[in-house]
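# Predicted model follows, preceded by the sequence.
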Amino acid sequence: MIDGFIALYIVMLAAFTGYEVIAKVPSILHTPLMSGSNFVHGLVLVGAMGAWGRADTPLETTIGFIGVVLAAGNAVGGYVVTERMLEMFRSSREKTE
């Protein structure tokens, strides 16, 4: 089992690394990056469902349910944002047809 401080260190390291990587992405690449991250959010949802399915205690079941709801909202929200971003690239003539 991972010690609490080691797990916290890994989360903090991942957060700082993710911030540095995303901060250096040019604006034109944000839409493909969002599409790729939506794929990862889908995998998180599958993992949350697996964890929820193996829950034994009511506390684990509650945490699993909350994880599934948050992961599903994150994935769906990412696709909605991607669709809105792609809508901005359509010409006004395409919108009226």
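Alright, I've got the coordinates.

# name the element the most centrally placed residue in the chain belongs to?
In the chain, the centroid-proximal residue (CA atoms, centre = their mean) is residue 41; its distance is 3.8 Å. Element membership of residue 41, judged by DSSP states H and E, is helix 30-53.

# What residues sit buried inside the helix or strand that that helix is followed by?
Under the assignment DSSP H and E, the closest C-terminal helix or strand after helix 30-53 is helix 58-88. Across helix 58-88, burial judged by 16 or more other CB atoms under 10 Å covers 64, 67-68, 71-72, 74-75, 78, 82. Where you see a C-beta, it was placed from the backbone N, CA and C, and this is true even at glycine.

# Nearest to residue 3 among those?
Residue 3 lies nearest to residue 67 out of those, by CB to CB, at 22.2 Å.

# Now do the same contact list for the closest one.
Residues counted as contacts of residue 67 (CB atoms under 8 Å, 6 or more residues apart in numbering) are 48, 51-52.

# Quick check: it vs residue 90, distance?
36 Å (CB to CB, to the nearest Å).

# again with residue 6
48 Å.

# can you tell me which helix or strand residue 14 belongs to?
Here residue 14 sits within helix 4-23, counting by DSSP H and E.

# now the angle from that helix to helix 30-53?
160 degrees (axes from the mean of the first three to the mean of the last three CA atoms, to 10 degrees).

# and residue 60, how far is that from residue 4?
Distance from residue 60 to residue 4, by CB to CB: 18 Å.

# cool, and residue 57?
20 Å.

# Give me the below-cutoff pLDDT ranges for this structure.
Residues of the chain meeting the criterion pLDDT under 70: 1-2, 31, 34, 92-97.

# Kindly recompute the last result at 90.
Along the chain, the parts satisfying pLDDT under 90 run over 1-8, 10-11, 18-45, 47-48, 51, 71, 74-97.

# how about residue 30, what does it touch?
Counting by CB under 8 Å, 6+ apart, residue 30 has contacts residue 85.

# let me fix that: residue 47
residue 71.

# are any of the contacts of residue 67 buried, and which?
Using 16+ other CB under 10 Å as the burial test, the contacts of residue 67 include 48, 52 as buried.
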